[in-house]
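[1] pasted the sequence and its predicted model underneath.
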Amino acid sequence: MFQLRRVFPYLVATATGIASGVYIFKPLILENASVDKVNRKEHNNPGDIVEPSTITQNDTAEAGSDKE
């Protein structure tokens, strides 16, 4: 009984940390996984891989290249 009281807060903290990590980082991991799928399907050359930040800001990247 005494050991359970000593270990229980650590178990709760571990479970809370894992649950919050999954909740916070799952969308980011899924987004990167979908970007990787798109890169594999559309680009055969590894040098042509598009970074995730350029996909979300595609309009601004294209507008900036037209001005040069």
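    Cool, the structure landed.

[2] for this structure, which residues score under the pLDDT cut-off?
    By pLDDT under 70, the low-scoring segments of the chain are 41-68.

[3] what packs against the longest helix seen in it?
    In the chain, taking DSSP state H as the definition, the longest helix is helix 2-42. The contact analysis (3 or more C-beta pairs under 8 Å, 6 or more residues apart in numbering; DSSP states H and E) places helix 2-42 against helix 52-56. C-betas here are computed from N, CA, C, even on glycine.

[4] could you redo the last one with a cut-off of 6 Å?
    Judged by 3 or more C-beta pairs under 6 Å, 6 or more residues apart in numbering; DSSP states H and E, helix 2-42 is in contact with no other helix or strand.

[5] tell me how far Ala33 lies from Pro9.
    Distance, Ala33 to Pro9, by C-beta to C-beta, to the nearest Å: 35 Å.

[6] next: Leu30.
    As judged by C-beta to C-beta, Leu30 and Pro9 stand 32 Å apart.

[7] repeat for Ile24
    According to C-beta to C-beta, Ile24 stands 22 Å off from Pro9.

[8] can you check Met1 too?
    From Met1 to Pro9 the distance is 15 Å (C-beta to C-beta).

[9] comparing the two, which residue is more hemmed in?
    Using other C-beta atoms under 10 Å as the criterion, Met1 and Pro9 rank with Pro9 on top: 9 against 5.

[10] contact partners for that one?
    Residues counted as contacts of Pro9 (C-beta atoms under 6 Å, 6 or more residues apart in numbering): none.

[11] got it, and Gln3?
    Under the criterion of C-beta under 6 Å, 6+ apart, the contact list for Gln3 is empty.

[12] next, count neighbours for Ala13.
    10.

[13] do Phe8 as well
    When neighbours are defined as other C-beta under 10 Å, Phe8 has 10 of them.
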